[in-house]
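**Student:** 3D model of this:
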Amino acid sequence: MANEQSFTQEEWTKLLQSPMLVGVAVSAAEPSGIWGMLKEAVASGSALASADLDAGSNELVKAVVADFKKSEARSTVQEIIKKRLAGAKPGDVVQRSLTDLREVSTILDAKAPSDSAAFKTWLNSISQKVAEAASEGGFLGFGGVTVSKAERATLSDIRKSLGIEGNPTTDP
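**Tutor:** Okay, the predicted model is just below:
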């Protein structure tokens, strides 16, 4: 089983960023307004918390969540992502996030092959939860679809970046 010592500091930081990046990519794909963004942020945080509480979670996932719970690590990750995405338009945010997720996939495959699939599946589940957190295209929270076409496309791009298969939500 891989853990923090299996990676360089830079690689470990990229792994720590990855749960936030999948959420950011989905949120940027179809900005949902203030309430939608809040719901999506809560969904992302909730996914982190549930992985920590799930006895069946992969050990590498648990190690990332445990480190992310430390304020110093969390602040470092937030600052790196903030700098990386500063001034970017939503489409650029998605593309930069996907680029970083491809790097994470490569790192996982090289340094943690036995944990790679489980970690990537976890990241994918976070992206799905974020996409489903807020309706898109409605008015004042009414109507719309659970997952927009833009979000479905981004979910597909996330899976491709991570090198995993699967179908996104199929809302019209």
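**Student:** from here on, contacts and neighbour counts on C-alpha atoms
**Tutor:** Noted.
**Student:** so, low pLDDT: which residues of the chain?
**Tutor:** Scanning the chain for pLDDT under 70 picks out 32-37, 53, 55, 135-145, 166-172.
**Student:** so which helix or strand takes in the spatially most central residue of the chain?
**Tutor:** Nearest residue to the geometric centre of the chain (Cα atoms, centre = their mean): Val22, 2.2 Å. For Val22, the enclosing helix or strand under DSSP states H and E is helix 9-29.
**Student:** residue contacts, Phe7?
**Tutor:** Lys111 (Cα atoms under 8 Å, 6 or more residues apart in numbering).
**Student:** roughly how far apart are it and Ile126?
**Tutor:** 23 Å (Cα to Cα, to the nearest Å).
**Student:** kindly report the same for Glu40.
**Tutor:** Taking Cα to Cα, one finds Glu40 at 10 Å from Ile126.
**Student:** Ser75 too?
**Tutor:** Taking Cα to Cα, one finds Ser75 at 20 Å from Ile126.
**Student:** what do you get for Val147?
**Tutor:** Counting by Cα to Cα, the gap from Val147 to Ile126 is 14 Å.
**Student:** residue contacts, Thr154?
**Tutor:** 25-26, 29, 94.
**Student:** what about 10 Å?
**Tutor:** 22, 25-30, 94-95, 98, 127, 131, 148, 160, 168 (Cα atoms under 10 Å, 6 or more residues apart in numbering).
**Student:** out of those residues, which is nearest to Ser71?
**Tutor:** Taking Cα to Cα as the measure, Ser71 sits nearest to Val22 out of those, at 20.3 Å.
**Student:** in this structure the closest one contacts Ile126, no?
**Tutor:** Yes. In terms of Cα atoms under 10 Å, Val22 counts as a neighbour of Ile126; the distance is 7.0 Å.
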